[in-house]
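Colleague: Got a sequence here, can you build the structure:
(one chain, ligands or ions: 1)
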Amino acid sequence: MSIQHWWRRVALGLLFFVAAAGSDLAGAAGSPALKIIAVNYPLAYFAERLAGARARVVLPVPAGADPAFWRPDARTVGTMQKADLILLNGAGYEKWLSQVSLPRLKLANTSLGFQDTYLRIENAVVHSHGPGGLHSHEGLAFTTWLDFEQAGKQAQAVADAIVRKHPEWKSIVLENLETLRGELAELDAELKQTVAADPRRPFLASHPIYQYLARRYGLNLKSVHWEPEEMPPAAEWQGLQSMLKDHPARRMIWEAQPAPEIAAKLKDMEIESVVFAPCANRPEDGDFLEVMKRNVDALKAAFRQEKRANSVISKNPNP
Ligand SMILES: [Zn+2]
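Modeller: Next up is the predicted model:
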């Protein structure tokens, strides 16, 4: 790059910087953008949608890790202390919260508004997810955002927290909130309609994370405790067989595509695998809403296919 080019770049960059600082994007003249830390991806996505370029949203959890079983190291706690706003999921999601010191005024527990309807996890089992060590899902169910009405309330709480910090952004943040809640409400209506077509139909879940989804949409769901990448031991398969006796499901819902040998073994039992990704961490492709749309479509397809299979059976009754 020639010196001349270099200078042109610097000058252009400066011009852009001055223009951006003067515009609404950087907030009131001279004030820095809002620094937001979100403890999971759904909250980061809501903050990004609501504040746009006004905020710098950071999800401190490494890619691929489950934010529910992550804990911040000392350095991350330091970053959190310097942030303007820390978005929490609540419902026991942040098990590390009592062990760190964070400024109370910066914390926003986004599910506090519906804390009286939190669910408890039944049959907690100690197990591990990859190299993270043993853990159990005991206490409160925390995948609150898979009930899209609750997700809308959490988005509202994020909006309120942003507006508390920057009241001058109120009208634009509330406008963005309305759009986002509209999109969540569409998914909500679609799922309700899908399940209402046959609410007694039994489904299986591979992991106990779908409590709020099942409650909101009336899904007849029973859960085992499997991992997509680990072949369950023989006792688990026997357990599944006995579960099927009074819960004859033909679909198992997974967080991610199960390993081919697990999917094949399930298929031998006439159980198809359906992916409904909780999207707790940033997805490899698409965003929160796109992943949720794929989830809803997958569940809709499962209901449709099974209906077709049943109608073929009823048209050709065995003599
Ligand atoms: Zn687990």
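Colleague: quick one: the strands in the stretch 201-319 of the chain?
Modeller: Taking DSSP state E, counting those that start in this stretch as the criterion, the stretch 201-319 of the chain carries its strands at 202-205, 220-223, 251-254, 272-275.
Colleague: Go through those strands and name the closest to Val58.
Modeller: Val58 lies closest, by CB to CB, to one member of these: strand 272-275, at 27.7 Å. Placement of C-beta: from N, CA and C, glycine included.
Colleague: pretty sure Phe276 contacts Ala214?
Modeller: No - contact criterion CB atoms under 8 Å: Phe276 and Ala214 do not qualify, at 11.0 Å.
Colleague: okay, these two: which has more neighbours?
Modeller: Taking neighbours as other CB atoms under 10 Å, Phe276 and Ala214 compare with Phe276 leading, 24 against 21.
Colleague: Need the nearest residue in space to that one, chain neighbours excluded.
Modeller: Nearest residue to Phe276 in three dimensions, chain neighbours excluded: Asn295, at 4.5 Å (CB to CB, 6 or more residues apart in numbering).
Colleague: Tell me, how many residues neighbour that neighbour?
Modeller: Using other CB under 10 Å, Asn295 is surrounded by 21 other residues.
Colleague: Relative to Leu85, how far out is it?
Modeller: Asn295 sits 28 Å away from Leu85, going by CB to CB, to the nearest Å.
Colleague: quick one: pLDDT of His137?
Modeller: Listed pLDDT for His137 reads 70.
Colleague: Identify the residues contacting the closest residue to it other than its chain neighbours.
Modeller: With sequence-adjacent residues excluded and distances taken as CB to CB, 6+ apart, His137 is closest to Ile121, at 4.9 Å. Ile121 sits next to 137-141, 208, 211 when contact means CB atoms under 8 Å, 6 or more residues apart in numbering.
Colleague: And the next helix or strand past the least confident helix or strand in the chain by mean pLDDT?
Modeller: Ranked by mean pLDDT, DSSP states H and E, the helix or strand of the chain with the weakest confidence is helix 3-22, at a mean of 48. Beyond helix 3-22 on the C-terminal side, the first helix or strand identified by DSSP states H and E is strand 34-38.
Colleague: Outside of that next one itself, list whatever touches it.
Modeller: Contact with strand 34-38 is made by 27, 44, 47, 51, 54-60, 79-80, 82-87, 162, 165-166, as judged by CB under 8 Å, 6+ apart.
Colleague: For the residues you listed, which PyMOL command selects only the ones that are buried?
Modeller: Applied in PyMOL, the following selects the buried portion of those according to 16 or more other CB atoms under 10 Å:
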select buried, resi 27+44+47+51+54+55+56+57+58+59+60+80+83+84+85+86+87+162+165+166
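Colleague: Strands - which of the contacts of strand 34-38 land there?
Modeller: Among the contacts of strand 34-38, DSSP state E puts 55-58, 85-87 in strands.
Colleague: Mind telling me what element the nearest residue to Gly218 once chain neighbours are set aside is part of?
Modeller: Once flanking residues are discounted, Gly218 sits nearest to Pro199: 4.8 Å by CB to CB, 6+ apart. Pro199 belongs to no helix or strand when assigned by DSSP H and E.
Colleague: give me the number of residues near Pro199?
Modeller: The number of residues packed around Pro199, counting by other CB under 10 Å, is 10.
Colleague: so who does it touch?
Modeller: 218-220.
Colleague: Derive a ChimeraX selection command for the buried subset of these.
Modeller: Selection of the buried residues among the contacts of Pro199 in ChimeraX, burial being defined by 16+ other CB under 10 Å:
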select :219
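Colleague: Please identify the one among the contacts of Pro199 that lies nearest to Gln99.
Modeller: Set against Gln99, the nearest of the contacts of Pro199 by CB to CB is Leu219 (35.4 Å).
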